[in-house]
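Engineer: Provided below are the primary sequence and the corresponding predicted coordinates.
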Amino acid sequence: MRRSGSADLPLHYGHVPVWLAERMAKLGLAVVENIVLDYGRDEVLARLSDPFWFQSLGAVMGMDWHSSGITTSVMGALKRSINPHSKELGIYICGGKGKYSKQTPDELIRIGHATGLDGDYLVKCSKLSAKVDNTAVQDGFQLYTHNFILSSSGKWAVVQQGMSNETSTARRYHWHSEAMSTFVDDPHTSVYGQNAGNIINMADSRAQSSRNAIMQIAGEQPDRMLKEISKLIMPAHHDVQAKDVDLKRLGAVLWLAHEKQPKDFEGLLQLQGLGPRTLQSLALVSEVIHGTPSRFKDPARFSFAHGGKDGHPFPVPLKVYDETIGILQTAIHKAKIGESEKNEAIKRLSKIAAQAEKDFTPNANFDKVIERERKDSWKYGGRTVLGKAKPPAQLTLF
């Protein structure tokens, strides 16, 4: 097993409003269903273990693009929406924030009983990942949230977060059992990690002493475990600035949506009636589902799908959000009954945007794009934690 990455985030307080939480759950389920449909359930774990992809998912869901709140809100939304479909999807999400993190062992034991997986060993994996990040790495961050995501194949990922009162920042840690084989062999599995000398078979019944030793890893050298970790550091400023995004990639999406009319390639997309603004959001959601890892180096770009609840870069456009969810849900339903045209069209959207980037030269209108989105926000049901977006004031003579 290995830690796959980490992210440093400015602390944000407050709650996620109901109107956003409900949509995050629906969009999260649709994204996960699509990934499972096209790439398999274990790919969901691989995506969640990537700090850049995770941040991009949170941004496309309408959360504050850079805040610590993305971790608990995204995992909370996924747990609420995925667990009722766990048997069908083959994905289980345990743990959570505060007291819910302490329920992880009991949840894993229950899942083990229901699936035949080794629940005791899964509990050890959960505790070990928390022990390393909370104790072995003395970085000043104390864990307060822990989520263990499990596939029915026995593979798993961990997303957990710690807080530093001294720096007023949070640090999110990602783990992935990437090199681990199935848990259902008789009766344990083998665990393969980054080459750091002797390999320890944590699943072997003879490895009890080794497991105890690793749980005391605070006395060892954590540097050996932290090589090649993907690290994301988010800025403290709330507004989305041009330096935070890849302007060429964002510009290509905006050009496709607003300059090149959807009817010009409607036959290709099989998405009749799709307006420019929804196409903009759907293209970014498509990239979250189908994009390669190199596409997520600028998570802020994905906030241009559904804005942010704090109003940055613009209020959450609820009408567009709902239309995007509806299109995804319809495509997934049709794909399940053998009609995959819409699902394939959504997949092609990310490829079309990538192709458009090749010869695209971004202009200097980044601030005007945000200004336009904010000005038109009321048309799309724009909303923030402070309330609904209002139309521009009309000038009158009296």
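Structural biologist: Structure's in. What do you need?

Engineer: for Asn147, name its beta-bridge partners.
Structural biologist: Gly95, Val159 (DSSP bridges).

Engineer: what sits against it?
Structural biologist: Residues in contact with Asn147 (Cβ atoms under 8 Å, 6 or more residues apart in numbering) are Met75, Lys79, Ile93, Cys94, Gly95, Gly96, Ser101, Thr104, Val158, Val159, Gln160. Every C-beta, even on glycine, is put in place using the N, C-alpha and C of the backbone.

Engineer: can you pick the most crowded of those?
Structural biologist: Val158 (30 neighbours; other Cβ atoms under 10 Å).

Engineer: so how far is Asn147 from that one?
Structural biologist: 7 Å (Cβ to Cβ, to the nearest Å).

Engineer: just checking, Lys390 is part of a helix?
Structural biologist: No: according to DSSP: H, G, I helix; E, B strand; the rest coil, Lys390 belongs to no helix; its state is coil.

Engineer: the nearest residue in space to it that is not next to it in sequence: neighbour count?
Structural biologist: Leaving aside its chain neighbours, Lys390 sits nearest to Trp378 (5.7 Å; criterion: Cβ to Cβ, 6 or more residues apart in numbering). By other Cβ under 10 Å, the residues close to Trp378 number 16.

Engineer: pretty sure Trp378 contacts Thr384?
Structural biologist: No: using Cβ atoms under 8 Å, Trp378 is not in contact with Thr384, being 11.9 Å away.

Engineer: circling back to that earlier point, contact partners for the residue nearest to Lys390?
Structural biologist: With Cβ under 8 Å, 6+ apart, Trp378 has these contacts: Lys388, Ala389, Lys390, Pro391.

Engineer: and the first one, how far is that from Glu22?
Structural biologist: When you say that, I think you mean Lys388. 16 Å.

Engineer: what's the answer for Gly119, then?
Structural biologist: On the measure of Cβ to Cβ, Gly119 and Glu22 end up 32 Å apart.

Engineer: check Arg172 too.
Structural biologist: In terms of Cβ to Cβ, Arg172 sits 24 Å off from Glu22.

Engineer: least confident secondary structure element in the protein?
Structural biologist: Least confident helix or strand of the chain, by mean pLDDT, DSSP states H and E, is helix 208-214 with a mean of 49.

Engineer: the more surrounded of Gly119 and Glu22?
Structural biologist: Taking neighbours as other Cβ under 10 Å, Gly119 and Glu22 compare with Gly119 leading, 20 against 14.

Engineer: from what I see, that one and Leu108 are in contact.
Structural biologist: Yes: counting by Cβ under 8 Å, Leu108 is a contact partner of Gly119 at 5.3 Å.

Engineer: what's across from the closest residue in space to Val158 that isn't next to it in sequence in the sheet?
Structural biologist: Nearest residue to Val158, sequence neighbours excluded (Cβ to Cβ, 6+ apart): Trp175, at 3.8 Å. For Trp175, the beta-bridge partners under DSSP bridges are Arg3, Val158.

Engineer: and for Trp175, the neighbour number?
Structural biologist: Trp175, neighbours per other Cβ under 10 Å, totals 27.

Engineer: what's the answer for Lys334, then?
Structural biologist: Neighbour tally, Lys334, other Cβ under 10 Å: 14.

Engineer: what helix or strand is the most centrally placed residue in the chain on?
Structural biologist: Closest residue to the average C-alpha location of the chain: Phe54 at 2.9 Å, with Cα atoms, centre = their mean. Per DSSP states H and E, Phe54 falls inside helix 51-60.

Engineer: format the CA atom coordinates belonging to that helix as PDB.
Structural biologist: Extracted in PDB, the C-alpha atoms of helix 51-60 (Å, rounded to 0.1, in the frame of the first residue of the first chain):
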ATOM      1  CA  PRO A  51      -5.700  14.900  -5.200                       C
ATOM      2  CA  PHE A  52      -5.900  16.900  -8.400                       C
ATOM      3  CA  TRP A  53      -8.900  14.900  -9.700                       C
ATOM      4  CA  PHE A  54     -10.600  15.000  -6.400                       C
ATOM      5  CA  GLN A  55     -10.300  18.800  -6.200                       C
ATOM      6  CA  SER A  56     -11.600  19.000  -9.800                       C
ATOM      7  CA  LEU A  57     -14.600  16.900  -8.900                       C
ATOM      8  CA  GLY A  58     -15.400  19.200  -5.900                       C
ATOM      9  CA  ALA A  59     -15.100  22.200  -8.100                       C
ATOM     10  CA  VAL A  60     -17.400  20.900 -10.800                       C
END
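
Engineer: which residues are contacting it?
Structural biologist: 4-7, 27-28, 31, 47-48, 65-66, 70-71, 73-74, 159, 172, 174, 230-232, 234, 284-285, 288, 293, 296-297, 299-303, 305-306, 308.
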